[in-house]
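*Asks:* Kindly return the folded structure for what I paste below:
(one chain, ligands or ions: 3)
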Amino acid sequence: MSLPDKAFPVSWDQFHRDARALAWRLAGANGQWKAIVCITRGGLVPAAIISRELGIRVIETVCVASYHDYTSQGQLNILKEVTPTLVENDGEDVLIIDDLTDTGKTAAIVRAMMPKAHFATVYAKPKGRPLVDTFVTEVSQDTWIYFPWDMGFTYQKPIADDHVG
Ligand SMILES: O=P(O)(O)OC[C@H]1O[C@H](OP(=O)(O)OP(=O)(O)O)[C@H](O)[C@@H]1O
Ligand code: HPA
Ligand SMILES: [Mg+2]
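*Replies:* Ligands and ions are numbered 1, 2, ... in the order given. Sure thing, here's the model as predicted:
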């Protein structure tokens, strides 16, 4: 397991604000979306917030798993495909939501299923950025984003304990 150099921890409050900021951007994008397809599991949380903000009540899933042991990506497994009615017309008027795009591999696979859909993530790293239509915050490729649903409270050492000089 290799840990990226930098950490970008996100609290529930910040995630809610960032997902709402994504909804504002999408509202300005003039899309008339008939459904949200969220990429599980990470896309479930922003999809709930965006569906509330944009009044989209049809929510579908595409179930993909790739990061098997923490930060190392393995084979991409599609555990469940999207319902065929949404794939018709190449996913026109469908909004695809995920929490982030990193290498862009997940986005590329799901985009290929619905090439005309609008793809949105809350966070994006440089490699994945070209694959998304709308996102809120970019972080560098050597940063790991820590989501609030993966975290718990732990003791933090004082900065001075590790500070030399
Ligand atoms: O751009 P990529 O390098 O493909 O990585 C991005 C994907 O990785 C994470 O999901 P993961 O497969 O870990 O599953 P999870 O959402 O169930 O945690 C994240 O939620 C994205 O879906
Ligand atoms: O930076 C990340 N954080 C959490 N999950 C992820 N899956 C791919 N990249 C990341
Ligand atoms: Mg995911």
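
*Asks:* Confirm residue 90 sits in a strand?
*Replies:* No: residue state for residue 90 (DSSP: H, G, I helix; E, B strand; the rest coil) corresponds to helix; a strand is not indicated.

*Asks:* and the gap between it and ligand 2?
*Replies:* 26 Å (Cβ to the nearest ligand atom, to the nearest Å). For every residue, glycine as well, the C-beta is placed using N, CA and C.

*Asks:* got the CA positions of the lengthiest helix in the chain in PDB?
*Replies:* If you go by DSSP state H, the chain has its longest helix at helix 12-27. Provided in PDB are the C-alpha atoms of helix 12-27 (Å, rounded to 0.1, in the frame of the first residue of the first chain):
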ATOM      1  CA  TRP A  12     -19.600  16.200   6.700                       C
ATOM      2  CA  ASP A  13     -20.300  19.900   6.900                       C
ATOM      3  CA  GLN A  14     -17.700  20.700   4.100                       C
ATOM      4  CA  PHE A  15     -19.000  17.800   2.000                       C
ATOM      5  CA  HIS A  16     -22.500  19.100   2.300                       C
ATOM      6  CA  ARG A  17     -21.400  22.600   1.200                       C
ATOM      7  CA  ASP A  18     -19.300  21.300  -1.700                       C
ATOM      8  CA  ALA A  19     -22.100  19.000  -2.900                       C
ATOM      9  CA  ARG A  20     -24.500  22.000  -2.700                       C
ATOM     10  CA  ALA A  21     -22.000  24.100  -4.700                       C
ATOM     11  CA  LEU A  22     -22.000  21.400  -7.300                       C
ATOM     12  CA  ALA A  23     -25.800  21.600  -7.400                       C
ATOM     13  CA  TRP A  24     -25.600  25.400  -8.000                       C
ATOM     14  CA  ARG A  25     -23.200  24.800 -10.900                       C
ATOM     15  CA  LEU A  26     -25.500  22.100 -12.400                       C
ATOM     16  CA  ALA A  27     -28.500  24.400 -12.000                       C
END
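
*Asks:* Kind regards, and thank you for your time.
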